[in-house]
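Participant: Quick one, structure for this:
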Amino acid sequence: MDTFVQLVLNGLMLGGLFAIISVGLTLIFGIIRLVNFAHGELLMVGMYLTWIGTTQLGVHPYVLAPAVVLVLFVVGLLIQRFILQPLLEARDAHVQIFATVGLSTALINLALLVFGADLYATPSSGVRDSIAIGPYRILVGQLVMFVCGIAVVAALHLFMERSYLGRAIRATAQHRAAAQLMGVDVKRIYMVTFGIGAACVGLAAVLVAPIYPASPTVGTYFVLTAFVVVVLGGMGSLHGAFIGALIIGLVDSLSGFYIAPDLKEVVIFGLFIGILLLRPTGLFGLGRGSE
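Facilitator: Next comes the predicted model:
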């Protein structure tokens, strides 16, 4: 029983990380209606920035969080403005998706050119220490990820519900043409939305860098799992992404122990296929025909 409870705790902590990555992905899809295949590579960029800042400045990785989040926010703005926005009126909407695939490939190859294929471990003072909760133990870094996951989802929810910009973003998601008629600058909203999504993955990069080494392909595993989370929770649903992240974190932890560590991805993507077959809109997704 103690082993099972420990696995559940580990899964929930991992789910907090998946939540931070997934809310950025689902936000971009929910507002812009774009599946961002470069999301994992933005995580990779953030991890390299964290490694550089930590090794060159000698500061704790968490101290770099505001700077990395800001840099990724600006990068997201620039990507939307100069790569995706010119394709906004393209006859085929899939052109934007192909652009993110191309951006993903370009970033991976740029990282290979600059850093090579080596793994870069970020110094992590105290992050790998464990905290005892009765007979159970949790890594400090995992607990921080879980708390930050809750905080990010709550902050985004309040931002979307209470602020003028948040209401403008929701109006754009509901009906772009109507929002434009009401005076909403849709192109600006898209830029801010993509920036916020990139900023979320920047925060995730700072939190994950002390635990996982940076490499050109490090974002692939996390973003593929994030896609499963987004589909499970419902494309465009913030609270769905959070609940889906906790579920996938539990599946990852339990299947890795009770089935086999090498087969946990098979279980996760088997669940992904099952969701698509049985409930394509996910647990909290928009129904068919929703704008």
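Participant: Going by C-alpha atoms from here, please, whenever you check contacts or count neighbours.
Facilitator: Fine.
Participant: Which parts of this structure are strands?
Facilitator: Counting by DSSP state E, the chain has strands at residues 130-133, 136-139.
Participant: Could you point out which of those strands sits nearest Thr281?
Facilitator: With C-alpha to C-alpha as the measure, strand 136-139 is the member of these nearest Thr281 (34.0 Å).
Participant: what's the closest one packed up against?
Facilitator: helix 2-32, strand 130-133 (3 or more C-alpha pairs under 8 Å, 6 or more residues apart in numbering; DSSP states H and E).
Participant: Export those as JSON lines, with columns for distance to Phe269.
Facilitator: Shown next, in JSON lines, are those (distance: least, C-alpha to C-alpha, whole Å):
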{"stretch": "helix 2-32", "distance to Phe269": "15"}
{"stretch": "strand 130-133", "distance to Phe269": "30"}
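Participant: which residues in this protein form helices?
Facilitator: Using DSSP state H, the helices of the chain run over 2-32, 39-57, 65-79, 94-115, 140-162, 164-174, 176-181, 186-208, 218-233, 238-258, 264-278.
Participant: So which bits of stretch 166-179 are buried?
Facilitator: 166, 168-173, 176, 179 (16 or more other C-alpha atoms under 10 Å).
Participant: ok, and what's touching that stretch?
Facilitator: For stretch 166-179, the surrounding residues in contact (C-alpha atoms under 8 Å, 6 or more residues apart in numbering) are 30-32, 159-161, 180, 184, 186, 189, 193, 291.
Participant: that older thread, most tightly surrounded among the helices and strands packed on strand 136-139?
Facilitator: Mean neighbour count, computed with mean count of other C-alpha atoms under 10 Å, is highest for helix 2-32 among those, reaching a mean of 25.
Participant: tilt between that helix and helix 238-258?
Facilitator: 150 degrees (axes from the mean of the first three to the mean of the last three C-alpha atoms, to 10 degrees).
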